[in-house]
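Novice: Take this sequence and fold it.
(2 chains)
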Amino acid sequence: MGLLQTGASILTALLIGALTRSNWRIYLLLACSVLAVYWFQPLLPLRSFDFWLPSLSLALVILTWLITSQPGAWRLPQNIIGLSILLGLVTFIDLSRYFLPDPVLTATTPPPFIQYIIFALLVGLTLFVFTWISRRSPWAIWISILLLILILIALKNPELSLQASIFLRTLAKRSIENASFTDLRWLGFSYLAFRLIHVLRDRQTARLPELSLPEFATYVVFFPALVAGPIDRAERFAQDLRNEFTLSQDAVLLAGQRIFLGLFKKFVIADALALIALNDALATQVRTTGWMWIIVYAYAFQIYFDFSGYTDIAIGTAQLVGIKLPENFAAPYTKPNLTQFWNNWHMTLTQWFRSYFFNPFNRWMRGSKKNIPAWTMILIGQVGTMLLIGLWHGITLNFIFWGLWHGLGLFLQNRWSDFVRRRYPDVGQNPRLQPVLQIGGILLTFHFVALGWVFFALSDPTLSGLVFRKLFGM
Amino acid sequence: MRKFFLLLIVVLLAGLALAACASRKEDAPAKAVEDYLNALVAKDSDRLTTLSCSDWEDDALLELDSFQAVTTKLDGLACQQTGTDGDTALVLCKGKIVATYNNEDQELDLSVRTYQVVQQDGDWLVCGTR
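Specialist: Predicted coordinates:
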C-alpha cells in the first residue's frame, strides 16, 4: 500500500467517524471496505483479474456468512441492505467500464457486463447449493476450511502458482510463455483466509455469536486492516461496531499520534533501512564480516519498523471509526527469551495459530492413548506451529528453514528454562545476576531472531548458507 | 424481499441496456495505443501485457526489455485511427519516445509505424505494427 492509498484510507476513516452514527457507520464502512478490496488490488498481467480476484474474495465472504449464520438470516432487513450494498457496488464497478474513460477503482478496465452476469450467476448458484448442503451436513464447514487452505497453498507455492497461471492463461487464450508464479497476487488473501477459518472453526465449536452480514463482511474486509492485518476476532470487532461512537477531539489526537508514528516508522525509518538491508543482491555483493552483520541488523530493524509501522497506521485509522484493533507488536526485540519474543511479535498471528493449531493439537496429543513423553509433545507442538507460520509466508525452502529455526529455538529455550529452574531454582532471585541475565537474554534472543531473518529475507537457502559463512568469517 | 429481487432485476436490465447502448467510442483504438505506449515508457510489463493481444505479448515485452537500461519519456504523443483492415483498426501516432542514456537523448519517431489494434472481449488491444 502506497502513500496515496494510506492517505485516502485515513481521510475516509476520519470522514466516516466524524459524520456518521450507528447503522450508517456500519453501512458506510462496509461500502468503503468493498471499494478498497478493488482499489488496493494491484494490476495483474492476466486481464480483468484485478476485478475477478476481489470479486471472488467477496463471494467467499458471503459464502462463509451464509454457512455460519442462522437459516433464513439473509431475509432480515439489515442483511438485505448489506447484500444490496455488496452487489450494488460490485455491479457499479463493473458497469463503470461503460461510462468512465479510464478505470478508477480497478487497475484495468473491468470485464464486459455479460461476463460479470455469468460470473454472478455461477457464484449465486454455488452459494445456494453450498448453503443448502451446509444446513444438512456438518461437512460443509470442513469443506470450506479445506477450500480456503487449498487456495492458500496454491498461492503460496511457486510451482502451484505457476501451474495455476498457465491454466488461467490457457483459458484466457493468453501466451503461456510468459506465465509466472507472481501472476496471481491476490491482495490480502492470507489475512482474509485466516479470518474466515477463525469464523468457520468458531461456528463448529458453537463459540461464534450471530453476526449480521454488514458486520461480518466489514470485519473480514475492513479497509485499514485489509492488506496486512492485524487479525482481529469477529465477535470483538462486531461489538465495537455495535457500540455507540462519537469521534471526539481527544480520539482524533490519539489516533493522529498513532498514525503519525506509523507513517514515520514505515515511510521514513523502514524505507531508509531498506537501502542497506539484507537482500539477494547484497548477500552476494557484501564481502566483509562487519558489513554483513550491518546489513543483517538493518534487515532486522527494517522488517520490524515496516510491519509495526503499518500496524500503527491500521490501528490509528481504525480508531477514527471507533474500532479498537488488537495490538500486533509490543517491543519484541527487548524480550529476554524467544517465547516472550513470539508473544510480542505479530501477536495476532501467533494467537491465531495458538488457538487453531497449537492448543487443539496439544490437547489431541495429551488425549491420545499413546504415551508420548512431555518433551516430545513440546518438540512436535512448537516445531509444527512455527513450521506452519513459516509456510503461511510462502511454501518455499527458505520459509521452512525459518520455521524450523524458530521451532527448534523455542524447544531448546523451553528445555533450558526447565533445566535451570530445576537445577538452580534461586538463580532468578539473585539481584546482582538479574540485570546480567536480563541483558544477556535480550542480546541472545535478538541475535537468534536476526540470524533467523537470514532465511526469511533470502529466496534461496544456498544464499543463506553463504551469508552465515560470511557472518562467522568462514 | 420482493423489493430486493425487483431491484436486482431493474439493475440487471439497466446494466444490460447500458452495456448494449454504450456508444462505441470512436477513439477507443487510438486510446488503446496511447495507453500501450505509456505503459511501454513506464516499463510496466504487467500493464503492457494486459494491453497486448496474445500474439503480440512476446514482442511487446521484448520491446520493453530494449528500454530497460535507458530512461524513457513520451513527447507530444497523439494517436488517431486512420482506417481498418477487416477486424483490425489501424492507428497512427504523432510524437516520439525520448530515450536517455548518460545524458544523451535518442528520439524514436512514432509516426513511422502503424499500430494494428484488435477488439477482444470488448477491449481494444495492440496486436502488431506495420
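
Novice: outside of stretch A:244-264, which residues touch it?
Specialist: The contact list for stretch A:244-264 (Cβ atoms under 8 Å, 6 or more residues apart in numbering or on different chains) reads A:6, A:10, A:14, A:17-18, A:21-22, A:25, A:308-317, A:319-322. Just so you know, the C-beta spots here come from the backbone N, C-alpha and C atoms, and that holds for glycine as well.

Novice: let's see it at 6 Å
Specialist: Outside stretch A:244-264, the residues within contact range by Cβ atoms under 6 Å, 6 or more residues apart in numbering or on different chains are A:10, A:17-18, A:309, A:312-313, A:315-316, A:319-320, A:322.

Novice: Give me the buried subset of these.
Specialist: A:10, A:17, A:309, A:312-313, A:315-316, A:319-320, A:322 (16 or more other Cβ atoms under 10 Å in any protein chain shown).

Novice: secondary structure element for residue A:52?
Specialist: For residue A:52, the host element (DSSP states H and E) is helix A:49-68.

Novice: Now the element after that helix, going C-ward?
Specialist: helix A:77-99.

Novice: contacts for that next one?
Specialist: So helix A:77-99 is contacted by A:30-31, A:34, A:38, A:73, A:105, A:109-110, A:116, A:212-214, B:4, B:11, B:15, B:18, B:22 (Cβ under 6 Å, 6+ apart).

Novice: ok, of these, which come out buried?
Specialist: A:30-31, A:34, A:38, A:73, A:105, A:109-110, A:116, A:212-214, B:4, B:11, B:15.

Novice: Any part of stretch A:211-231 near chain B?
Specialist: No: using Cβ under 6 Å from any Cβ of the partner chain, stretch A:211-231 never reaches chain B; the gap is at least 12.6 Å.

Novice: could you pull out the strands for the stretch 101-250 of chain A?
Specialist: For the stretch 101-250 of chain A, applying DSSP state E, counting those that start in this stretch gives no strands.

Novice: near chain B, which residues of it show up?
Specialist: Within the stretch 101-250 of chain A, the positions adjacent to chain B are A:108, A:112-113, A:173-175 by Cβ under 6 Å from any Cβ.

Novice: buried subset of these?
Specialist: A:108, A:112-113, A:174-175.

Novice: can you tell me which two in the buried ones among the contacts of helix A:77-99 are farthest apart?
Specialist: A:73 and A:109 (36.0 Å; Cβ to Cβ).

Novice: In chain B, where is pLDDT below threshold?
Specialist: Low-confidence segments of chain B (pLDDT under 70): B:1-2, B:20-26.

Novice: Now the most centrally placed residue in it: closest residue in space that isn't a chain neighbour?
Specialist: Nearest to the mean C-alpha position of chain B, counting by Cα atoms, centre = their mean, stands residue B:32 at 2.3 Å. In this structure, residue B:32 finds its nearest non-sequential neighbour in residue B:124, 3.8 Å apart by Cβ to Cβ, 6 or more residues apart in numbering or on different chains.

Novice: Which of the buried ones among the contacts of stretch A:244-264 fall in helices?
Specialist: A:10, A:17, A:309, A:312-313, A:315-316, A:319 (DSSP state H).

Novice: any chance of the residues you listed in CSV, plus pLDDT?
Specialist: Converted to CSV, these look like this (pLDDT from 0 to 100):
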residue, pLDDT
A:10, 94
A:17, 89
A:309, 96
A:312, 96
A:313, 96
A:315, 96
A:316, 96
A:319, 95
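
Novice: Pull the number of nearby residues for residue 40.
Specialist: Because you didn't say which chain, this covers chain A. When neighbours are counted by other Cβ atoms under 10 Å in any protein chain shown, residue A:40 registers 19.

Novice: Correction: the question concerned chain B.
Specialist: Residue B:40: 22 neighbours (other Cβ under 10 Å).

Novice: That one and residue B:92, how far apart?
Specialist: To residue B:92, residue B:40 is 17 Å away according to Cβ to Cβ, to the nearest Å.

Novice: How about residue A:234?
Specialist: According to Cβ to Cβ, residue A:234 and residue B:92 sit 57 Å apart.

Novice: which bits of chain B sit near chain A?
Specialist: Contacts of chain B with chain A, taken as Cβ under 6 Å from any Cβ, map to B:1, B:4, B:11, B:15, B:18-19, B:22, B:46-47, B:49-50, B:54, B:57, B:122.

Novice: Out of those, which is nearest to residue A:412?
Specialist: Distance ranking of those against residue A:412, using Cβ to Cβ, places residue B:46 first at 44.4 Å.

Novice: wait, isn't that closest one in contact with residue A:46?
Specialist: No: the criterion here is Cβ atoms under 6 Å, and residue B:46 misses it with residue A:46 at 9.1 Å.

Novice: what about the strands in chain B?
Specialist: For chain B, the strands defined by DSSP state E cover B:71-85, B:88-101, B:104-109, B:114-120, B:123-129.

Novice: Tell me which of those sits nearest to residue A:141.
Specialist: Here strand B:123-129 is closest among the strands of chain B (Cβ to Cβ), at 39.7 Å.

Novice: and that closest one, what does it pack onto?
Specialist: If you count contacts as 3 or more Cβ pairs under 6 Å, 6 or more residues apart in numbering or on different chains; DSSP states H and E, strand B:123-129 packs onto helix B:28-41, strand B:114-120.

Novice: what sits opposite residue B:105 in the beta ladder?
Specialist: Listed by DSSP bridges, the beta-bridge partners for residue B:105 are residue B:100.

Novice: All good on my end, thank you.
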